[in-house]
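Engineer: With the input below, show me the fold.
(one chain, ligands or ions: 1)
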Amino acid sequence: MKEQILALLIERDGYISGQALAEALGVSRQAVWKGINALRESGCVIESAPNKGYRLTSLPAYINEAAIRKHLATSVIGKNLIVLDSVGSTNDYLKRLGSDGCENGTVVTTREQTSGKGRLGRVWQSKRDENLAFSILLRPKLTPRDAMPVTPLAGLAVCKALRKTTGLDCKIKWPNDIIVGKKKLVGILTEMSAEFDAVEYVVTGIGVNVDQIEFPEEIAYKATSILLETGRHYDKNRLLAALLKQIEREFTRNNLELTPEALDEYVSLCATLGRSVTFKKGERTLSGAAVGVTSAGELRVMLSDGTVRTLNSGEVTVQGIY
Ligand code: BTN
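Structural biologist: This next block holds a predicted model:
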C-alpha cells in the first residue's frame with residue numbers, strides 16, 4: 001500500500017487529496033492515512049494541507065524503490081526491480097529467483113547485506129544504508145565461454161558512470177575492481193548457472209563503497225569510498241539508476257561482447273597494464289609484465305623469459321596498487 005501511495009504522490013508532483021488517493025487505490029481514507037504515516041516513518045517528507053490533501057516534498061535518502069524508479073531510464077535492466085530491506089547476499093537471492101525463472105534484466109538491491117560475498121570466497125561488507133549493493137540477472141543465449149565478457153563490460157560501464165557522476169579518476173584493476181589511486185572503490189562478483197554448452201543465467205553482483213568511512217583493519221590500506229574521495233554524499237538511488245543505465249548501454253551497444261571499441265576503452269582505463277604483476281599458478285608464484293587484455297577479457301602477462309601467459313581469473317597483485 002505504502003509503495004502505491006508513494007508512486008501516486010510522485011506522479012502527481014503536487015497536492016493530491018486523500019479522497020483521490022483512496023479512490024485510485026480502491027481503499028478507505030483510513031487506509032490512506034495509515035499509508036501516509038508509514039511513508040513518513042520511513043523517511044518521506046509529506047506535507048498535508050486542509051482541502052488540498054498531501055504533497056511529497058522529499059524522498060528518503062536510503063535505497064528505496066520509488067526513488068530508484070523515479071531516476072531509472074533503462075529499457076530492460078531493472079524493469080523487474082526488487083528492493084529489499086535486508087538480505088544475506090543479493091547474488092544468492094537473485095540466483096534463487098533465476099532458478100525459479102525470473103525475467104532477463106531482473107535487478108535486486110538492498111539497504112544492507114548480512115553475508116555479502118566477495119571474490120575468491122571473501123566477505124563483502126555492506127552495512128545498512130552505507131553503500132550500494134546490487135545484482136543483475138541476464139539470460140544470454142551463449143556458451144559459458146562466450147558469456148565471459150559480461151563482467152569486464154559491467155566493470156567498464158561502472159568505471160565510466162562513476163567517472164561521469166563523481167568526477168573521480170576511476171580506473172579498472174583487472175579483472176574488475178574499480179579503483180581510485182591505489183584503493184578499491186567497487187567490487188564485482190559474477191556467478192553463472194550453465195549447462196556444458198548453454199548459459200541458464202548470469203548474475204553480476206556489484207558493490208560500490210559510497211558512504212563508508214571505516215574499513216576492517218585488514219583491508220583499510222586498500223579500500224576507499226566515494227565519500228572519502230570526494231567529501232560528498234551522493235544520492236544512492238540516483239547513482240544506482242545511473243549505473244544501471246550505463247551498464248545497459250554497454251551491454252546493448254557491444255552485444256555482450258568485448259568489441260574492439262569496448263576493448264580499447266577497457267584498455268585505456270585499465271591501471272594494471274604496463275605494470276609488474278604477481279600471480280599464483282598452482283603452488284608457484286610468478287611475476288611478469290601485464291601487456292594486454294584479450295577479447296575474452298583475459299590478462300596477458302609476459303614473464304621474464306619472454307613467454308606470455310593468459311590469465312582468465314584469480315588474484316593478481318599489481319605493483320604500486322595492491
Ligand atoms: C569482490 O571484489 O571481491 C567482489 C565483491 C562483490 C560484492 C557485491 S555486493 C552485491 C553482490 N552481492 C554479493 O554478495 N556480492 C556482490
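Engineer: Can you name the residues bridging to the spatially closest residue to Gly292 that is not a sequence neighbour?
Structural biologist: Spatial nearest neighbour of Gly292, excluding adjacent residues (CB to CB, 6 or more residues apart in numbering): Arg300 at 4.1 Å. (C-beta placed from N, C-alpha, C; glycine too.) With DSSP bridges as the criterion, Arg300 is bridged to Gly292, Thr310.
Engineer: In this model Val316 seems to touch Arg300, though I could be wrong.
Structural biologist: No. With contact defined as CB atoms under 8 Å, Arg300 does not reach Val316; the gap is 11.8 Å.
Engineer: neighbour count winner among those two?
Structural biologist: Each of Arg300 and Val316 has its neighbours counted (other CB atoms under 10 Å); Val316 has more, 21 against 16.
Engineer: re earlier: could you tell me which residues touch both of Arg300 and Val316?
Structural biologist: Jointly contacting Arg300 and Val316 under the rule CB atoms under 8 Å, 6 or more residues apart in numbering are Ala290.
Engineer: What confidence value was assigned to Leu311?
Structural biologist: pLDDT, Leu311: 94.
Engineer: The one 10 residues further on now?
Structural biologist: The predicted local distance difference test score for Ile321 is 94.
Engineer: What's the local residue count around it?
Structural biologist: By other CB under 10 Å, the residues close to Ile321 number 19.
Engineer: Dihedrals phi and psi, the residue nearest to it when sequence neighbours are not counted?
Structural biologist: Nearest residue to Ile321 in three dimensions, chain neighbours excluded: Lys182, at 5.1 Å (CB to CB, 6+ apart). When quoted as degrees, to the nearest 10, the phi and psi of Lys182 stand at phi -100, psi 10.
Engineer: next one: Lys70
Structural biologist: In terms of degrees, to the nearest 10, the main-chain angles of Lys70 are phi -60, psi -40.
Engineer: Please apply the same query to Thr224.
Structural biologist: The phi/psi pair for Thr224 (degrees, to the nearest 10) is phi -150, psi 180.
Engineer: Quick one: residues contacting the closest residue to it other than its chain neighbours.
Structural biologist: Leaving aside its sequence neighbours, Thr224 sits nearest to Lys183 (CB to CB, 6+ apart; 3.8 Å). Shown in contact with Lys183 (CB under 8 Å, 6+ apart): 222-224, 322.
Engineer: if we go to 7 Å?
Structural biologist: Lys183 makes contact with 222-224 under the criterion CB atoms under 7 Å, 6 or more residues apart in numbering.
Engineer: With pLDDT, distance to the ligand and neighbour count as added columns, please give the residues you listed in CSV.
Structural biologist: Output for the contacts of Lys183, formatted as CSV (pLDDT from 0 to 100; distance: CB to the nearest ligand atom, whole Å; neighbours: other CB atoms under 10 Å):
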residue, pLDDT, distance to the ligand, neighbour count
Lys222, 96, 11, 15
Ala223, 97, 10, 20
Thr224, 98, 13, 20
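Engineer: thinking the residue nearest to Ile321 is in contact with Thr317, fair?
Structural biologist: No. Between Lys182 and Thr317 there is no contact under CB atoms under 7 Å: 12.0 Å.
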